[in-house]
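Trainee: Quick one: sequence and predicted model below, then my questions.
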Amino acid sequence: MRISYAWLRDYLKLDLPADELAEKIERTAVEVDGVIRPSAGLKKVVVGHVLECVPHPNSDHLHICQVDVGEADPIQIVCGAPNVAAGQMVIVALPNSWIGGHTKIKRSKMRGEVSNGMLCALDELGFDEKLVPKEVADGIFILPADATPGEPVFSYLGMDDEIIDMSVTPNRGDMLSMNGTAHELAAIYDQTPTMPKVDLTEDAADLADDDLNITVQADEQAVPQYKMRLIKNVTIKPSPLWLQIRIWNAGMRPINNVVDATNYILMQYGQPLHAFDFDQLDAGQVNVRFAKAGEQLTTLDGEERDLLATDLVICSNDKPICLAGTMGGLATEVTDQTTSIALESAIFDAVKIRKTAHNHNLHSEASMRYERGIDHGATEKALDAAAAMIAKLGDGTVTSGIVVGRDEDVQPVEVAITLTRINHVLGTDLSLDTVSDLFKRLDFPTTVTDDTFNVTVPSRRWDIHIPADLIEEVARLYGYDNLPSTLPTGQPTIGKLNETQQAIRDARKLMESAGLTQAISYSLTTDSKARAFALHASDVTTLDFPMSSERTTLRLSLISGLLDDLAYNNARKEQDVALYEQGRVFFSQPEQVRPKEVEHLAGAITGSMVKTAWDTEATPVDFYQIKGIVAGYLKSLALVDPISYVATTAHAEMHPGRTADIYVGDQLVGFVGQIHPTTAKAYKIRETYAFELDLAALIALPKARQQYQPISKFPSITRDVAMLIDDTVTNADIVALINDKGGAHLQDVHLFDLYNGKHVPDGKKSLAYTLTYQDQEATLVDEDVTKAFDKVLSALTEDLGAEIR
Amino acid sequence: MSLQDRLTELRDQGLADIKSADVLKKVNQVKVELLGKKGPITEVLRGMRDLTPEERPKVGAYANEVRDKLQAAIDHRRDELEQAAINKQLAAETLDVTLPGRQVPQGQPHVITQIITELEDLFIGMGYQIVDGDEVEEDYYNFERLNLPKDHPARDMQDTFYITKDVLLRTQTSADQPRSLESHDFSKGPLKVLSPGRVYRRDTDDATHSHQFHQIEGLVVDKHITMADLKGTLTLVANELFGDQFEVRLRPSYFPFTEPSVEADVTCFNCNGKGCAICKQTGWIEVLGAGMVHPHVLEMSGIDPEVYGGFAFGLGPDRFAMLKYGVDDIRNFYLNDVRFLSQFYKKG
Ligand SMILES: [Zn+2]
């Protein structure tokens, strides 16, 4: 809502700078987007009187004008506008002046004739093309005959005004009008506003009722009020300049006296009005109802619209002529030929108008106000004011009486609140007098009994109906700056991360110290990416009405998003990337609409984690690097049950020979491995290793109770074994066997060498382990160790076909 | 030559030999030669038996003196040579300490996590619990229970991703409010929660819009919570995030689930309030929305608004990060370019 400072001064005595006023509005009422100064940046643009105007000898459209600009001698200006003529008062941009669009005007020659400046049209002064009246759009603008040559032009065009551009929140629809804003500022500055008076003369002999006949078929909720006035013998013509200025400074285009009058009253009262060409109505018949499927209406913008059953329409003899509260119909539009006006002032249900505006993508000044609500107590006043204005501007007569299709009994709202309650909520110590004074400034009649205020809220503040609404009024008028600043007191509470939250933070720290950087990827992705890398089979959760095909489905894994991140980096020549993500995946649940949200942890690495340096050779990442990261993390969890890695070919997107499912006990908690080369190609990434862990499951699993184990005072004994063994036998098989046969004192089995190069037969590999034996209670006897070790050796040979070397 | 003279001669010669010994081996050799059992001093001492009983102690004492002197000279020279050897070795071992250390891979938290963690810790310190609400929420909790019935105009402010008619991706972490309110046992004390998390809006991604972003919602409900408490809390948040040299101002705003509703601005950190492009020449930057919990919201959760009241506030870590670090494109947070992520190095 654009508020003209000049217009505001009709209501209030205000002389503070516009910026201060804007700041005050922002701090007390609604947000301000800025202060617009239409003449900002313009210089040396003055009134000129065209004394003489002759055709340019070397041109078929230019004219040479002698223009009085208030100096001793007239100046010569060459002008190309078709409407220029001697005797006119015009807008002159003098030499070295600045006009709109940061343009500087210089003295020049046009086809051999000197031109000391330029005669201007409105858009050349920076007017938005959408605001320029159509009748002056194609030529220079003609100023009133009483303008003084040489004076700056701005005051004649309302360009010396300052316009406060307010961004009104949905609850403050009352401020979408000059009257409402004036009431607000009156409260802020403790003034009594001068409200506009309606001076309406009716033609007692001509009864509106005789010509107009209204039926409202829609229910009272949808159309609580519907009223019309009839104005006859109207001459349609451009509005006087003062009105055009108010209209364009409010951000609207002047059209003609009737439309401008309705827009002026709309701005003044906040009441949308619609003017119908009465003669286009079918025998003066108007009815209001919901549209029927299949009905059509051509609106003012020339668009033929298919009406919906939710649209409220104004009809004449049941034929739709107007989309209620949104846009008029073309057939009943006020034109130059119009002589009688049926003027509508009505209230339509906010929800209905909102739907219509949304469905037809028609957002107008009227619909915007209906959506936010309007003053139910002002429909008649606005209707009278508009009728009087139309009659005055169009030399017409207002017929007698308002034709009421529907009316309602509008009563002010009574709200009671105690001073104690106000101070309790605000944390203040305001006195009865202070609060009384604030209600007085708001012009809310109030009676005080003991500590209770009984406040009568006028209909112009329809946003107020409960005590909390009054507390807000008190708080903002008293000033948020004046509130004390404290912290909640009362019973102390203990703030602490819960176990899951702490575990998640720990996981993040561990990943980071292992060299992975945290990524936050999109939860929404394509259907196929959402399904990829799922730890458990699950259906996906899909948006009903997605914005793009790239974001349709909630992810089942984090890896998928990380691979997108890797691809983004690879495409930008970043080849060494190590990322992890901690976030939710969304498993569908049978019989439930909402998916199960499970915290996961995933990582993906590509390139190398250490760059080639003066002392280091970059080692490309591999399976064992990512497995080491996973193992390190799992170790930190101190899980009771043993962790095992089981080779798997079950994940279609993973390398079938380089992927392991991870189990804790017999519970599957994740997987780790290489991304399948085909998948990697599809994601446009290089060789990549990744893991996905069900973090929620890991957090829930039993943890080992930490207990101190005394360190043995007795020395340990080690034995090394090297063996040649079939490739198919895994390290896990060997370690399991050694542990099984190792005896009571075997403490540790450590793989220290793996070789399958030269001198190792095909299908075989060479492995070497160190076995550590120790007794907590006594010094081990060498012979006992040898005996135990031999047992292991023969088991390896017999059970696994190892050849001990 | 008297024995004394002989000793003096041996002493001077020995001292000269010690002094000229340039390696440890030579020092040892001198020692063996001079002070050994077969050395000249021992020999001189042997010759003492020819002396008179009066002379013997004198010569004996002198011999000991010479021996001690030589021994001290040898020890000294040995130390000197050892030290020189060590110095030589150390000189040979000198490194270029300006060469880079061996790399230990190090990751780091995402900048948005850093901001969330910082605020979580601030509020945990004030006795708040952290609540992680669901990202897929019911329309009922996301909107209706927050005083936003269907067809409420304020719903337009939040275009929504729906899964079904009644289920959606939460548009605000405020959706946790009604769930916290209805599950809290007020007999155990006040409700003080902070809910950080992902939220979603049906927006086309561009430099200033993202269909996915983060919010942090705070909620306090007790028997006596005031708007002054809200103001104090918001000031603390702004100071934590931007530093305490900045001013905080509250101005009226509108949220359906709070009343009074306010927006909090903080002095523009870029221009210190003078006005610049970041603050659109206002000197202020809007950082969060807040208000006193609307009585209807309390009622809908079965809480008597005559007895209990509270405040709620919400802020956007993405927006904070953009303001604080001058990030000009919100998509940077979700594309995870390592050159972007690695710029915000801080503990998380
Ligand atoms: Zn600034």
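Mentor: Here it is on my side, so go on.

Trainee: Within range of chain B, give me the residues from the stretch 101-250 of chain A.
Mentor: A:169-172 (Cβ under 8 Å from any Cβ of the partner chain). Bear in mind the C-beta positions are built from the backbone N, C-alpha and C, glycine included.

Trainee: from these, which is closest to chain B?
Mentor: A:T169 (3.5 Å; Cβ to the nearest Cβ).

Trainee: Which parts of the stretch 1-150 of chain B are helices?
Mentor: B:3-20, B:24-35, B:40-46, B:55-93, B:111-124, B:139-142 (DSSP state H, counting those that start in this stretch).

Trainee: contacts for the first one?
Mentor: Counting by Cβ atoms under 8 Å, 6 or more residues apart in numbering or on different chains, helix B:3-20 makes contact with B:1, B:27, B:30, B:33-34, B:40-41, B:44, B:47-48, B:51, B:59, B:62-63, B:66, B:69-70, B:73-74, B:77, all of which sit outside it.

Trainee: Among these, the buried ones, what's the PyMOL command?
Mentor: Command for PyMOL that selects the buried part of those, burial taken from 16 or more other Cβ atoms under 10 Å in any protein chain shown:
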select buried, chain B and resi 27+30+34+40+41+44+59+62+63+66+70+73+74+77
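
Trainee: now A:N756, nearest residue through space, not along the chain?
Mentor: Spatially, and ignoring its direct neighbours in sequence, A:N756 is nearest to A:K765 (4.1 Å; Cβ to Cβ, 6 or more residues apart in numbering or on different chains).

Trainee: how near is that neighbour to chain B?
Mentor: Remark: distance between A:K765 and chain B (Cβ to the nearest Cβ, to the nearest Å) = 29 Å.

Trainee: burial count for the residue in the stretch 701-805 of chain A that chain B sits nearest to?
Mentor: The stretch 701-805 of chain A approaches chain B most closely through A:L701 (19.6 Å), counting by Cβ to the nearest Cβ. A:L701 is flanked by 15 other residues according to other Cβ atoms under 10 Å in any protein chain shown.

Trainee: Which pLDDT value belongs to it?
Mentor: The model reports A:L701 with a pLDDT of 96.

Trainee: which residues does the residue lying closest to A:Q88 once chain neighbours are set aside contact?
Mentor: Sequence neighbours aside, A:V50 is the residue nearest to A:Q88 in space, at 4.8 Å (criterion: Cβ to Cβ, 6+ apart). A:V50 is in contact with A:65-67, A:84-90, A:119, counting by Cβ under 8 Å, 6+ apart.

Trainee: hang on, A:V234 in a helix?
Mentor: No: using DSSP: H, G, I helix; E, B strand; the rest coil, the assignment for A:V234 is coil, not a helix.

Trainee: count of neighbours near it?
Mentor: Residues near A:V234, counting by other Cβ under 10 Å, number 23.

Trainee: May I ask which helix or strand of chain B has the lowest mean pLDDT?
Mentor: In chain B, no helix or strand scores lower on mean pLDDT, DSSP states H and E than helix B:40-46, which sits at a mean of 80.

Trainee: Check which helices and strands that helix sits against.
Mentor: With contacts taken as 3 or more Cβ pairs under 8 Å, 6 or more residues apart in numbering or on different chains; DSSP states H and E, helix B:40-46 sits against helix B:3-20, helix B:24-35, helix B:55-93.

Trainee: Contacts for the shortest one, please.
Mentor: Taking Cβ under 8 Å, 6+ apart as the criterion, the residues outside helix B:24-35 that touch it are B:10, B:14, B:17-18, B:21, B:39-42, B:67, B:70-71, B:74, B:77-78, B:81-82, B:85.

Trainee: one more time with 7 Å, if that's ok
Mentor: B:14, B:17-18, B:21, B:39-41, B:67, B:70-71, B:74, B:77-78, B:81 (Cβ atoms under 7 Å, 6 or more residues apart in numbering or on different chains).

Trainee: partners of the helix or strand harbouring A:V646 in the sheet?
Mentor: Taking DSSP states H and E as the criterion, A:V646 maps to strand A:643-647. The sheet places strand A:643-647 alongside strand A:654-664 (antiparallel), with pairing taken from DSSP bridges.

Trainee: Tell me the gap between the strand it pairs with and the middle of its chain.
Mentor: Distance of strand A:654-664 from its chain centroid, counting by Cα atoms, centre = their mean, to the nearest Å, is 43 Å.

Trainee: same check, this time on stretch A:185-198
Mentor: 35 Å.

Trainee: any idea which element A:A682 lies in?
Mentor: Going by DSSP H and E, A:A682 is in helix A:677-683.

Trainee: Determine if any part of that helix is in contact with chain B.
Mentor: No: against chain B, helix A:677-683 shows no contacts by Cβ under 7 Å from any Cβ of the partner chain, the least distance being 13.9 Å.

Trainee: which residues touch that helix?
Mentor: A:563, A:567, A:653, A:686-688.

Trainee: Rounded mean pLDDT for that helix, please.
Mentor: For helix A:677-683, mean pLDDT is 96.

Trainee: again with stretch A:133-151
Mentor: Here the average pLDDT along stretch A:133-151 is 91.

Trainee: circling back: could you say which helix or strand holds the residue nearest to A:N756?
Mentor: Judged by DSSP H and E, A:K765 forms part of strand A:764-773.

Trainee: Tell me which other helices or strands that strand touches.
Mentor: The elements that strand A:764-773 packs onto, with contact taken as 3 or more Cβ pairs under 7 Å, 6 or more residues apart in numbering or on different chains; DSSP states H and E, are strand A:717-726, helix A:731-741, strand A:746-755, helix A:782-800.

Trainee: That one: partners in the sheet, and parallel or antiparallel?
Mentor: For strand A:764-773, pairing defined by DSSP bridges yields strand A:717-726 (antiparallel), strand A:746-755 (antiparallel).

Trainee: Flag every buried residue along the last one.
Mentor: Taking 16+ other Cβ under 10 Å as the neighbour-count basis, strand A:746-755 is seen to contain the buried residues A:746, A:749.

Trainee: if we can go back for a sec, do I have it right that the residue nearest to A:N756 meets A:D753?
Mentor: No: applying Cβ atoms under 7 Å as the test, A:K765 and A:D753 come out as separate, 10.4 Å apart.

Trainee: quick one: A:V398 and A:T678, what's the gap?
Mentor: The spacing between A:V398 and A:T678, counted by Cβ to Cβ, to the nearest Å, is 81 Å.

Trainee: who's the residue in chain A positioned nearest to the ion bridged to?
Mentor: Going by Cβ to the ion, the ion is nearest to A:G34 of chain A, at 14.5 Å. Using DSSP bridges, the bridge partners assigned to A:G34 are A:D165.

Trainee: Quick one: neighbours of it, just the number.
Mentor: Neighbour count of A:G34, defined by other Cβ under 10 Å: 15.

Trainee: Pretty sure it sits against A:D165.
Mentor: Yes: shown here, A:G34 and A:D165 form a contact pair, counting by Cβ under 7 Å, at 5.3 Å.

Trainee: circling back: mind giving me TSV with the contacts of helix B:24-35 and columns for distance to A:H376?
Mentor: What follows is these, written out as TSV (distance: Cβ to Cβ, whole Å):
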residue	distance to A:H376
B:G14	125
B:D17	123
B:I18	119
B:A21	118
B:G39	129
B:P40	132
B:I41	129
B:R67	125
B:L70	122
B:Q71	119
B:I74	117
B:R77	114
B:R78	112
B:L81	110
